[in-house]
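> Provided below for reference: sequence and predicted model.
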Amino acid sequence: MLISYDELADQFNERYRYQSFPGIQAWLRQLAAGPATPRLLEVGCGTGHWLNVLSDLPVELVGIDPSRPMLERSHARATRAQLVCAPAESMSFQAQCFDLIFCVNAFHHFSDPMKFLRDSRLLLKNTGRLAIFGLDPHAPGTGWYLYHYFPGVRNADLRRYLATTELKRLLVEAGYINVSSEPAQHIQKVFTGDEVFQDTFLVRESTSQLLLISEQAYREGRQAISAAVEKAQREQRSLAFRIDLTLFGTVVLRKKSVCT
């Protein structure tokens, strides 16, 4: 099932009301800092949340996204940014014009990740960096109650999200150097009993994991959670719904060309 982000544009930014990702925000602001006025490109900028986070800094901001309705919201939110409607695999900018290219929770949506990595390298200045932030469901200790109550969601995540080690391998293959990867955001929370229904991740439109399953599968998962909560209440025992997810930040330096 494909996700239509055109249809989600109105409610997409609601996710940031409940999870602001302060770790990723700190990383981005540090990467954007510099003595000059760096030029930054966000790929998969959506409604402009991260461009807006950086808008108070002395930087040039550019965003690219394939969804026009999402970009319409981005125009209102990130008023300083130049916005381009195009997919990650069709970036048509001048060579070596960006100091930083970054994507947040978007890389797993790209249809041709290697093309994006190679194209990004061409767009970066010799001192430029590429930063990719995203979930690694392969990481030890990962746990999410959605994986238990919605069959197929975990396997889908394992297929579409690269392990951090594999991402690093692809970056080296694409010609980058100084590849480093560290946890950028740890999401850890426990809901007890019917508190789980307050979780924004349980709202279907808030996360791609639930948008990728059918409406029937989503309803059945919600019903399974309700049944588990009711059973625990009847038995007068505590029932925990755990979230333990790590989003990694992988940053690389553009390798200088040997050609003259």
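Here it is on my side, so go on.

> can you give me the helices in the stretch 151-260 of the chain?
153-160, 164-173, 208-211, 215-234 (DSSP state H, counting those that start in this stretch).

> looking at those, which is buried most?
Ranked by mean neighbour count under mean count of other CB atoms under 10 Å, these are led by helix 208-211, which reaches a mean of 18. Every C-beta, even on glycine, is put in place using the N, C-alpha and C of the backbone.

> show me how far it is from its chain's centre.
Distance of helix 208-211 from the chain centroid (CA atoms, centre = their mean, to the nearest Å) equals 13 Å.

> swap in stretch 185-204?
Worked out by CA atoms, centre = their mean, stretch 185-204 lies 18 Å from the chain centre.

> endpoints of that stretch, how far apart?
Distance between the two ends of stretch 185-204: 22 Å, counting by CA to CA, to the nearest Å.

> what's it in contact with?
14-15, 17-19, 21-24, 133, 145-146, 206-207, 210-211, 218, 222, 225, 229, 232-233, 238-247 (CB atoms under 8 Å, 6 or more residues apart in numbering).

> just the ones of those in strands?
133, 240-247 (DSSP state E).

> taking the residues you listed together, which two end up most distant?
Phe133 and Ala240 (27.9 Å; CB to CB).

> mind pulling up the phi and psi values for Glu60?
phi -90, psi 130 (degrees, to the nearest 10).

> contacting residues for it?
37-40, 82.

> which of the residues you listed ranks first by neighbour count?
Leu40 (24 neighbours; other CB atoms under 10 Å).

> and the pLDDT for it?
The score at Leu40 is 97. That number is its pLDDT.

> touching, it and Phe98? I think so.
Yes. At 6.8 Å, Leu40 counts as touching Phe98 under the criterion of CB atoms under 8 Å.

> just to revisit the earlier point, which one of the ones in strands among the contacts of stretch 185-204 sits closest to Asp157?
Leu245 (10.1 Å).

> any chance you could map the strands in the stretch 51-200 of the chain?
60-65, 82-85, 98-104, 124-135, 143-144, 176-192 (DSSP state E, counting those that start in this stretch).

> for those, which one ends up most surrounded?
strand 98-104 (a mean of 25).

> any idea how far Ile213 is from the closest residue to Gln209 other than its chain neighbours?
In space, Gln209 comes closest to Val153 once its chain neighbours are excluded; the distance is 5.0 Å by CB to CB, 6 or more residues apart in numbering. Per CB to CB, to the nearest Å, Val153 is found 7 Å from Ile213.

> done for today, thanks.
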